[in-house]
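Asker: What shape does this take:
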Amino acid sequence: MKVALFIPCYVDQFYPQVGIATYQLLEKLGVKAHFPAKQTCCGQPMANSGCEQDAVPVYHHFVDTFQSYDYVVAPAGSCVYHVRKHFDIIEQTAAVQHVRESTYDLIDFITGVLGVTEIPGAFPHKVGLHLSCHGQRGLHQANESEMTPVRDGQLKRLLAGLDGIELTELDRNDECCGFGGTFCVSEAAISARMGQDRVADHLRNGTKILTGGDMSCLMHLQGIVRRRQLPMQVLHAAEILNGALQPQTIISTSGLV
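Answerer: Numbers count the residues shown, from 1 in each chain. Next comes the predicted model:
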């Protein structure tokens, strides 16, 4: 398959190690991803700020950049959700429809396309999982309400398969962190308080490493952790899975990878 790697703006500028970990993880799983050098933003920040029409040229550039690939993979549920759901305002050519349908969040690609159900490796730490709103509710990556008896999801299952890991049981499993893209700028006080509440839940229940599939949410939470000098490390799930993955047999629904 011909796979392109899309690295969101904030990952490229602030967390390049997440992009590197994503590339390395895909390579270990047998996927040689391409990185189109002309890629830019997906247009989400402008759209979130009420300037979606100004983002239209960015949407077209995204489609032009990635239309020749079978799959587009990104370590960011929010960007993937934006491409899939909000590129509906431009003409739905075959190329646009293809890019919308073939753009995947990293975890969805690993579990849904590659069919990987378990990644061999060890990560002997107490890990708290933050479920981003776009990933959980938009991309349906996990149960969409904390009222649901079973707290599950693709990323949680992959993490739970690592030797030695202990996953934190939170009081509020699916609560928003308050980042919300430009919401954290327009409603800074509310955003900060929501983030503080989210971090407090992890701290109260013993999380040592806070992770998730969306670096934008993790960036918001990491800022709180750093300012308060809390005994907690923040890592994207790609960093954990890539670091833990050993050269062993990977369990896949479609056979051995």
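
Asker: Across the sheet, point out what pairs with residue 73.
Answerer: As for beta bridges, residue 73 partners with residue 5, residue 104 under DSSP bridges.

Asker: I should have written residue 211 there, sorry.
Answerer: Going by DSSP bridges, residue 211 forms beta bridges with residue 129, residue 235.

Asker: I'd say residue 209 and residue 124 touch.
Answerer: No: counting by Cβ atoms under 8 Å, residue 209 stays clear of residue 124, with 10.7 Å between them. C-beta coordinates here come from the backbone N, C-alpha and C atoms, glycine included.

Asker: Please enumerate the strands of the stretch 101-250 of the chain.
Answerer: Assigned by DSSP state E, counting those that start in this stretch, the stretch 101-250 of the chain shows strands spanning 103-105, 116-118, 126-130, 166-167, 209-212, 233-236.

Asker: Check which helices and strands the last one is in contact with.
Answerer: The reference is to strand 233-236. Strand 233-236 is packed against strand 209-212, helix 215-227, with contacts defined by 3 or more Cβ pairs under 8 Å, 6 or more residues apart in numbering; DSSP states H and E.

Asker: same question, the shortest one
Answerer: The criterion is 3+ Cβ pairs under 8 Å, 6+ apart, and the helices and strands that strand 166-167 contacts are strand 126-130, helix 154-160.

Asker: which of the ones you listed is buried the deepest?
Answerer: By mean neighbour count, with neighbours taken as mean count of other Cβ atoms under 10 Å, strand 126-130 ranks first of the helices and strands packed on strand 166-167 at a mean of 23.

Asker: Output it as PDB, nothing but the C-alphas.
Answerer: Coordinates of the C-alpha atoms in strand 126-130 are reproduced here as PDB (Å, rounded to 0.1, in the frame of the first residue of the first chain):
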ATOM      1  CA  LYS A 126       1.300   3.400  35.700                       C
ATOM      2  CA  VAL A 127      -0.200   5.100  32.600                       C
ATOM      3  CA  GLY A 128      -3.300   7.400  32.500                       C
ATOM      4  CA  LEU A 129      -5.100   7.500  29.200                       C
ATOM      5  CA  HIS A 130      -6.700  10.800  28.100                       C
END
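
Asker: any idea of the angle that strand forms with helix 215-227?
Answerer: Here the directions of strand 126-130 and helix 215-227 differ by 130 degrees (axes from the mean of the first three to the mean of the last three Cα atoms, to 10 degrees).

Asker: quick one: the nearest residue to residue 157 once chain neighbours are set aside from residue 156, how far?
Answerer: Leaving aside its chain neighbours, residue 157 sits nearest to residue 117 (7.4 Å; criterion: Cβ to Cβ, 6 or more residues apart in numbering). Distance, residue 117 to residue 156, by Cβ to Cβ, to the nearest Å: 13 Å.
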